[in-house]
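1. below is the structure, and that's it, no one-letter string:
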């Protein structure tokens, strides 16, 4: 095998791994995007992903029916996000603190529920190569030889974009995220709209967690997300709150997360622990660049993010 | 942002009652979960209580657990008084541990008071600088300090992994990712043969000092103004960025103290996983005590009790250590609900505006 072919196949392997690894991040980031567009920062993504991962995993191992597994993961995470929504919307809680509580709770619950499933084997999701498209040189094996959730994530990014920018609900979500008082004056139910947005965010975070456990690792381990929920939140900032940009930024982080085994394969010897720091370092760097390059105006950040809204007289 | 005029009487009996009731109610789902998990809820509750405060051994364990939590909570509360979030307590704790280990491994022949002093100063500088990163980014480019600090937590954890797998690995501990054991001069004084160390007294002292500073000094008053109303602070030419940066630096230095205790006394060496989330527990405690330094100590002891109670559960009921996390999450949620109920059902005093 010639040198150039080897490098070529390595690049394809890395990029294909990046897409696969970036998919949970894509889902979580899309969910967070909807939630933040409505003005609610949900710092519970880490906990919601874990709960989604463990519930999907258990359902998969019990029923062996992938669709039900994904749905159960999504619903479990959505329930958790509803707690956040209730605390923030109806108890006027600080969004950072409430989200953080959700993460602690989700981490604990997932460890508790999943304790007897550590090391249990499941039949994970299988890759479904798309005929014709997979034959495109280079792009085919990178994008079109994955499991169904990867394809769905692309579709989902478009759906979320359409939802936010082409539907009445999306308009309402953006309105309550930019100017809740005006939206309220126009007869939009701010709390209900925000609740729906946070709930949808929970569903997507749960699907992301489900992809992680039943499609990517095929095992359940306590705290298996290892900070990916937090990365997803940072990713939304880097993607300027735009659903389609979320996908590409997620793939970029997926690339960083899969890089180090491949680096060692080509003889680039760096401690794997130093390489493991890289995505987090890069996240900080991206946050700085993202905030620095787009100062406050016109950067897509919802104006009422982190601001709780109470209608007068309540 | 809270207005300066708002007078919430924290720790009035009404407030405490609302919070305790909500936390108690929120505990019901926990016991349901435990019940479904196959354990007797009432016996679980008794096991937690016994594990936390049952006898002197348990209580000393609780205090030992409370020590790092007090440090981490102070590290959250001090910056919070200027209105900046410090969720990086976990990373600062790890950096403190790294700083302490650096001294312990490289300056082996220091005599006893100097060894501990050198360890503390190095750890404080490490933790403080680590905490300064999010503060600096916040001040200069207005980067979200919560996310940066969280990312840095993971970087710090991997840094410790790297050090104990690589340069600092003890050659005599074959295959184990440990640093060499600390020499006797590097171990903090302890109470008898227990793990309860002098850190508790230091934590007490820092908490009292900080509350005195907040109450009686100009610096403390300036911080109150910055928290309550940054634009007023700007108008009276307070240098807000300096306060933010310095409070974060001090916070990081305090959190680093928790790291020293863990590596020097509890583990005796640097190893991965020295903290079961004390940084996050500290964040919880700081909020539960509304950032009042004096209240951090009793609340930390309660949360420390939760940890040692969860240990007891692990031994007797076979419940996993994640139980402590569930409990903490529940306490947190209950507290937020209780806060709301207090706000909602407390009649306003004359001339006071709602929020």
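-> Okay, I see it. Fair warning: this is a prediction, and the values are worked out from it, not measured in the lab.

2. longest helix in chain B, by residue count?
-> helix B:112-141 (DSSP state H).

3. please see if that one touches chain A.
-> Yes. Helix B:112-141 lies within reach of chain A by CB under 8 Å from any CB of the partner chain, at B:133, B:137, B:141. C-beta coordinates here come from the backbone N, C-alpha and C atoms, glycine included.

4. also stretch B:295-308?
-> No. Using CB under 8 Å from any CB, stretch B:295-308 stays clear of chain A, coming no nearer than 11.3 Å.

5. looking only at pLDDT, what's the mean for that stretch?
-> The average pLDDT for stretch B:295-308 rounds to 88.

6. list the buried residues of that stretch.
-> Buried positions in stretch B:295-308, judged by neighbour count with 16 or more other CB atoms under 10 Å in any protein chain shown: B:295-297, B:299-308.

7. go through those residues and flag which are in helices.
-> Members of the buried residues of stretch B:295-308 lying in helices (criterion: DSSP H): B:295-297, B:299-308.

8. tell me where chain A has helices.
-> A:3-37, A:45-63, A:66-90, A:95-113, A:139-143, A:148-166, A:168-178, A:180-185, A:190-210, A:228-238, A:243-265, A:272-293.

9. name the SS class of residue B:275, please.
-> coil (DSSP: H, G, I helix; E, B strand; the rest coil).

10. and it, what does it touch?
-> By CB atoms under 8 Å, 6 or more residues apart in numbering or on different chains, the contact list for residue B:275 reads B:68, B:90, B:93-94, B:258-259, B:262.

11. likewise residue B:207?
-> Residue B:207 neighbours (CB under 8 Å, 6+ apart): B:70, B:74, B:293-294, B:296-297.

12. which one among these gets closest to chain A?
-> Distance to chain A across the contacts of residue B:207 (CB to the nearest CB) is lowest for residue B:296, with 15.8 Å.

13. same list (the helices of chain A) but as JSON lines, adding distance to residue B:345 and mean pLDDT.
-> Below are those laid out as JSON lines (distance: least, CB to CB, whole Å; pLDDT from 0 to 100):
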{"stretch": "helix A:3-37", "distance to residue B:345": "29", "mean pLDDT": "85"}
{"stretch": "helix A:45-63", "distance to residue B:345": "30", "mean pLDDT": "92"}
{"stretch": "helix A:66-90", "distance to residue B:345": "14", "mean pLDDT": "92"}
{"stretch": "helix A:95-113", "distance to residue B:345": "20", "mean pLDDT": "89"}
{"stretch": "helix A:139-143", "distance to residue B:345": "56", "mean pLDDT": "78"}
{"stretch": "helix A:148-166", "distance to residue B:345": "38", "mean pLDDT": "91"}
{"stretch": "helix A:168-178", "distance to residue B:345": "27", "mean pLDDT": "92"}
{"stretch": "helix A:180-185", "distance to residue B:345": "24", "mean pLDDT": "89"}
{"stretch": "helix A:190-210", "distance to residue B:345": "20", "mean pLDDT": "94"}
{"stretch": "helix A:228-238", "distance to residue B:345": "34", "mean pLDDT": "86"}
{"stretch": "helix A:243-265", "distance to residue B:345": "41", "mean pLDDT": "84"}
{"stretch": "helix A:272-293", "distance to residue B:345": "40", "mean pLDDT": "80"}
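
14. closest to chain B out of those?
-> Ranked by CB to the nearest CB, the member of the helices of chain A that lies closest to chain B is helix A:95-113, at 2.7 Å.

15. any residue of that closest one up close to chain B?
-> Yes. Using CB under 8 Å from any CB, helix A:95-113 comes into contact with chain B via A:96-98, A:100-102, A:104-112.

16. what residues does the stretch 101-250 of chain A put near chain B?
-> A:101-102, A:104-112, A:115, A:222, A:226-227, A:230-231, A:233-234, A:237.

17. now the helices: where do they sit in the stretch 101-250 of chain B?
-> B:112-141, B:145-165, B:199-216, B:218-228, B:230-235, B:240-261 (DSSP state H, counting those that start in this stretch).
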